[in-house]
Structure formats: C-alpha cells, structure tokens
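Asker: I'd like to go over a predicted model; first the sequence, then the structure.
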Amino acid sequence: MQCRSVCARVFALACFAMSAAAIAAPVLEGPPPREITDPASIVSRAMPNAAPVPIDDLFFTRGGMDAVWLANTNAIVVSTNLTGRYNLWTVPMAGGFPLQLTQSDDRQLGLTASPDGKWIVFQSDHSGAEIYDLFAVPAAGGAVVNLTNTPDIDEQGAMFSPDGKTLALGRRNKSEPAINVAVMDFATRQVRDLTHEKTKDHFWTPAAFSHDGKSLLANRGNPVGTESEAWLIDVASGKADPLASQPSAFNQASDISPDGRFVALTTRTASGSKQAALLDRGDNSLRLLKPDAWEQGTGHFSPDGRTLLFGSNVDGRTTLFQYDVATGRCVALPLPQGLNYEASANTSSFSSDGTRVLVDHQASNTPFDYWIADLNSGSAAPVTRLGLASIDSTRLPKAEIVHYKSADGTVISAFVWVPFNLARNGKAPGVVLPHGGPDGQTVDSFNRTAIALASRGFVAIAPNVRGSTGYGDAFEYANRKDLGGGDLEDEIAGVKFLVATGYVDPKRVGITGGSYGGYMTMMAIAKTPGVWAAGVELFGIIDWQTMLLHEDPTLQQYERGLIGDPVKDKAVYTASSPLTYMKNATAPLLVLQGDNDIRVPKEQAETVVNILKAGGHTVDAHYYANEGHGFAKRENQIDSLQRTVAWMEKYLK
C-alpha cells in the first residue's frame, strides 16, 4: 500500500469522516505536542538468566518482502528467506509446511497474482544491483520465465489487469533518471510505454487498474517527495488526464473503487501533514477519512468497494484501519501494537470475498510474520511462524519511545533499548543508531542490531532527527541544505539523553548506521570527534560531489533536491560532506560495503578507508562481492552484524 508510514493502537477505535465541505477545516500544526521524557524514568528491567541473543538466531528468524492471495485456492504466496534467500513459497491456510515455489540466489519480491490464480509475477535483480527483470512462475509449480530479460532496463511494480491479460509496470533505462509507466501483453510479452516523461526530476508509478481494465491510475512525482499528482491513463491510447480536485501539491493515489466513483488518495493538508482521503469523482469533492495530526496513507478497496484500508503512523507505530465508504465509520484492525501494513505493495490484500485481510506484523521484540485479520469475527492470527523457538519475545529488550529536546529546542522522538539487569552507575556503553534516508524513520520494527547490542549490555537509542518522515513536511524538510547540521545536533542530544539516564558513560558512546545512517556515522566522528568512541558505517556517503557524479541517475535528482545545485550550492555540498572534516576523526571506524551498490558506490567506502589509513587512524573495512545497497543474503547479514558487535565490544567495553 502507499502508506508504509501508518497508526499505532491495538484496540478498535471508531471514528467518522469529515464531510466533503469540511476539507478546509482546522489547520493541523504537525504532530501533537509530545511530553518530554524524564531520563530518570528509564529503567532496566530485571530478567533472571538474561543472556546475549545469538546473532545467527536473529537472522534465522526470517523476514518477508511480499505476500499475495492465490485465487481459487485456500493459500497465499509469500516472499520469505527460509533458505537464507528471499524466494517464493506457497503457504496453505489449512496448515502444513510451506511449499517452495522458486529457487534463486537473488531476491524475489514485488508479487502480483493473476486473477485466475494460475500465475505469480515477481521482480528480481542480480547480486543487489537493483536493475530488475520481471519473471513469471506457474502457481502450481514449474519453470520460471523471464518476461523482460532487459539487462539495461529496470522493470518494477507489476500488477495484473482484472482480466489477467495485461501487466502494468514501472520502467526505466538505467542510464536515465525518468521512470515511466508501461503495459505488457502477458501472452506475447510485448511492452508499450504509456507515459513519456521529458523532465529529469519527475517519475511515474502505476497504482491500480480500473475495474474494466480500460484505465490505469498512476502517480507522477519528484524524487524528493515534495510533489505528487494522480492521473488516469487510457490504456488503449495512452491519453493521460490529471484527476480533478487535487487541492495541494501532493496527492498520491493508491486505488480506485470497483464502480470507478472513488479514488483513494494520500493528500497533504495546509499544515503539511499527509492524510488519508477519498476523492468522489461524481462531484469532485474530497474528504479526509480520520483527520488528525499524525501522518496517514491510503491502501486498497475491498472487492465490493464498500471498505477502504488506510493506515496511520503514530510516532513510529502503525495501525491499519478499515473505513466504511458509505457511513464514514472507521475501525482499527484487531492487530497487536507495533508495525501493521497491507502485505502486498502492488495489489489488494483483501481476500476475494472481502472478509479477510493479509497483513504483515512485527514489533521491537516480535519477529516478522504474515497475519490474517478476519473482518467478520474481529479477530486476527499469524499465518506463518518465521521465528526461531529460541527467540522469546518476553525475554528480548523492548523498545521504548522517548522524547527529548535538541540544542535549539526542537522536540525529537526516539526509540530506546535498555539491557536487562543494568546498574544505574554511569558505566554502561551506549550506541546511537541513525536511520537511513534521510527522509526515513526509525519505527517499531524487529531491529536485530538494537537487540544484539542491548542483549550484550549496550544501551541503544535510535532518534528520529529532523529530516525524518512521520512528523509532517516541515520537520521532514528541516535538514534540506543542512545535512549533518541540525540533524547531527539531534543525534548528539540523544547521547546526552542516554547519559542523563544515569546508565551510560559519556566516554563510551558509539554510533552505527547504514546508507544515510552510514553518512551520519562518518559525519559524527569527523565533525564532532569528542563525542564518539567508536563507529561502524555501512554503505554511507563521504563526499556528495563524487556521489553526484557516479550514483544512479534517479538518485542524482534526489540528491539535488536535498542539497541543491552542485555549482550554485557548492559551499553546501562541502559543508555537508564528511570528507571536509575527516582529518579530525579520532574514533576507530569499521566500514562495511557491497560491491554492487548503485546508490552509494563502493568508491565512497574506499575513499574514507584510504584517508583514515593515510592519517594513521584506526580503520578496517570489509566488502561483500554479491551485495548491493543493504545486505540481503543471510550469511552476509550475520557477518556484518557480528563485525559490528565485535567492533563495539572492542572499543567501547
């Protein structure tokens, strides 16, 4: 669904929609006020016989990337890494061991099932290079067919038309930034572009077919997410028309009702908050579904069009709601607290009769599983068991949401993991965990790094610094042209919060993260060296100028949106690059990098290693030959976390 940043309550919550005429009603001023947490209220719980969680066990607790219902059967197909690779498995609803449908060394995701239940289409790349082909496999088992076989073109986000004859997809030449929407004749595999984007800083994505398959709902936006516009495209002619009543610069469509009357939209309000909305194409009116100050996003309609799913993100915990289109009543799905999303990113997660919803669920001390929520009975239960028996949620450190003020008074939300049986004597090591992005968010997920560290005596904190999503656009854009400025101050304020709890030694604090978190790790140890005693950076950026020259073309446009023009804003690029300050670094640094990374090329890692070695600093590096941006293969995930923990234990303990 469109809202992978969505709401956090376990109990059913009834609410009613605004009328169409009320769209201009109260301006919401970002997230509601959050009470500042007293550091002394943070407590280490007693746990007899608490022990470090084995890192291997954390990764043999499997994950999931996608899941879809299989029509005309009592089964679902899921992407999970039971074997250490994300392949497809058929899971029977009546019980029994899942049946492996595909086998590959490369990850397989982006599932869509044909309406007759005979085919599963998915996307897969090679060794993490993120140039995806589309593949098809018979749902009953059989040979996998490469539908596109285009090594220089990236195809993603496929979805079947209602008659099963056509696939819609996003398509991009790897040497160009623009993504366009195309359709494929499933029988002949002929591909035809529907859009022809001429600018470098906009792209298209398919959202949903109309019920008759004649039209395709699509979105056109920019890489930094400040703009989005919903369009309806005639599949036969390619004629595209913007939807009426788009009152702001951000309107992202997720689905169209079976009768074609309603379009589900995530829209930006006047206050800069993204809210779930419904566009009535009959009178071009727009209504918010459950207006509040937290960010929301819409999902899919039920098969009869009477119910719409949407989600709400409350401080990094998400809840799914079912919204009654006729009455405006919305009720939370009966799922535990944590992260709850529609299981499929591309297609509806409703069963064919509309009575059940396929959901993925996880929390800080609860491994990922696919769940089924029964709308008739108001109950929900997991349909998979992807964890290990050794991973007992009652014996895992659980994340706690805290709030503190940064240097300039900005309120920051963060997740904190406190080890069991810890003495409040100011001697414990602490680790800061910056998230990727920068427009990302630390959420209440099963965080293996935090669990591994906290179960070994490290107090961990993961701040949602300025630039994070989930707290309104003003907060998200607050670090544009100031990367490594105010956001780094927010991370340092997190260190001060840990020290103020009375548990953490200010001289034994480390930092580790991946992607933008890796960048923040290097920026931290280089720009504010006195704060940090160790760092582990994964695929992070050291120099924005060289990044711009060598990264993927779409990401070049994203970078320009974050930092500006490399000529006019050269001073911003310099001030925002760890390269500028790296000579000042004193903390030992471990660098972990995939060879095939198109987002942060390997040269970024090699540069920081060479600089630190030349200066006589303590630095080590490990490169993974068969990985891209982020590590997908189990043995590499285990190895990278083992190295991270060992580094922190060596230099913080």
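Answerer: That came through fine. Numbering: from 1, shown residues only.
Asker: Tell me the predicted confidence for the residue nearest to Ser393 when sequence neighbours are not counted.
Answerer: Of all residues not flanking Ser393 in the chain, Asn365 sits nearest, at 4.6 Å (C-beta to C-beta, 6 or more residues apart in numbering). For every residue, glycine as well, the C-beta is placed using N, CA and C. Looking at Asn365, its pLDDT reads 93.
Asker: now His550
Answerer: Confidence score, pLDDT, at His550: 88.
Asker: One more: Pro26?
Answerer: Per-residue confidence (pLDDT) for Pro26: 33.
Asker: Would you enumerate the residues in contact with Asn636?
Answerer: Neighbouring residues of Asn636 by C-beta atoms under 8 Å, 6 or more residues apart in numbering: 624, 626-627.
Asker: Quick check: it is in a helix.
Answerer: Yes. Under DSSP: H, G, I helix; E, B strand; the rest coil, Asn636 sits within a helix.
Asker: Give me the distance between it and Gly272.
Answerer: Relative to Gly272, Asn636 is positioned 39 Å away (C-beta to C-beta, to the nearest Å).
Asker: Isn't the residue nearest to Ser393 up against Asp392?
Answerer: No. Asn365 is beyond contact range of Asp392, at 9.1 Å (criterion: C-beta atoms under 8 Å).
Asker: More neighbours: which of these two?
Answerer: A side-by-side neighbour count of Asn365 and Asp392, using other C-beta atoms under 10 Å, places Asn365 first with 20 against 11.
Asker: Contact partners for the more buried one?
Answerer: By C-beta under 8 Å, 6+ apart, the contact list for Asn365 reads 393-394, 396-399, 446, 451.
Asker: got a winner among those residues for most neighbours?
Answerer: Ala399 (29 neighbours).
Asker: separation between that one and Leu590?
Answerer: For Ala399 relative to Leu590 (C-beta to C-beta), the value is 24 Å.
Asker: and Thr90, what are its bridge partners?
Answerer: Listed beta-bridge partners, Thr90: Val77, Leu99 (assigned using DSSP bridges).
Asker: so who does it touch?
Answerer: Residues near Thr90 by C-beta under 8 Å, 6+ apart: 70, 75-77, 98-99, 101, 139.
Asker: Report the separation between it and Thr347.
Answerer: Distance from Thr90 to Thr347, by C-beta to C-beta: 17 Å.
Asker: now Phe262
Answerer: Distance from Phe262 to Thr347, counting by C-beta to C-beta: 18 Å.
Asker: Can you tell me, leaving aside adjacent residues, what's nearest to Asp193?
Answerer: Closest residue to Asp193 apart from its sequence neighbours, by C-beta to C-beta, 6+ apart: Ala182 at 4.8 Å.
Asker: Assign a three-state SS to that neighbour, would you?
Answerer: With three-state DSSP as the criterion, Ala182 reads strand.
Asker: Beta-bridge partners for it, please?
Answerer: Beta-bridge partners, per DSSP bridges, of Ala182: Leu169, Asp193.
Asker: isn't it right next to Arg171, touching?
Answerer: Yes. Contact criterion C-beta under 8 Å: Ala182 and Arg171 qualify, at 4.5 Å.
Asker: Mutual contacts of these two, please.
Answerer: Joint contacts of Ala182 and Arg171 (C-beta under 8 Å, 6+ apart) are 155, 191, 193.
Asker: now, among these, which is nearest to Gln296?
Answerer: Nearest to Gln296 among those is Glu155, at 29.8 Å by C-beta to C-beta.
Asker: Quick check: which element contains that closest one?
Answerer: Assigned by DSSP states H and E, Glu155 belongs to strand 153-160.
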